[in-house]
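1. Output the structure for:
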Amino acid sequence: MEARAVARYIWIPPRKMRLVADLVRGKAVTEAMSILKFMPGRITVPIAKVVNSAVANAEHNQNLDREGLYIKTILVDEGPTVKRYRPRARGRADVKRRRTSHITVIVAERKEG
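-> Presented below is the predicted three-dimensional model:
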């Protein structure tokens, strides 16, 4: 049994988000949440929210126990890039790319045995 949660259009580049996602992939939910809680930076906040949402979906929809869940899959995909222009010297302009992320978390029950 699996449950999933998705957060879209997060204003953090996916390259930075994947560094944190790689740390919690495959871990038990309680261990992953403690890792995210004590890591510095703003990147852990949306990932923790999506993991909590996936756990809540598992508890509510599939009647799974929180203690037996682990993070089966965590994907950080690239969302749309918003382009902003910044004035530069001699009348030129540079493009600033504001990248967004889509986070998908799938939690599953550990098989006993």
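
2. Show me what the helix or strand containing A54 is packed up against.
-> Element membership for A54 (DSSP states H and E) is helix 44-61. Helices and strands touching helix 44-61, by 3 or more CB pairs under 8 Å, 6 or more residues apart in numbering; DSSP states H and E, are strand 2-10, helix 14-24, helix 29-38, strand 69-78, strand 101-109. Glycine gets a C-beta too; all of them are placed from N, C-alpha and C.

3. quick one, what contacts the one residue sitting closest to the centre of the chain?
-> When CA atoms, centre = their mean is applied to the chain, the residue found nearest the centroid is I47 (3.5 Å). Listed by CB atoms under 8 Å, 6 or more residues apart in numbering, the contact set of I47 reads M17, V20, A21, V24, L36, I74, I103, V105.

4. So which of the residues you listed wins on neighbours?
-> The residue in those with the most neighbours, by other CB atoms under 10 Å, is V105 (29 neighbours).

5. Where does the prediction get shaky in this structure?
-> For the chain, the stretches with pLDDT under 70 are 113.
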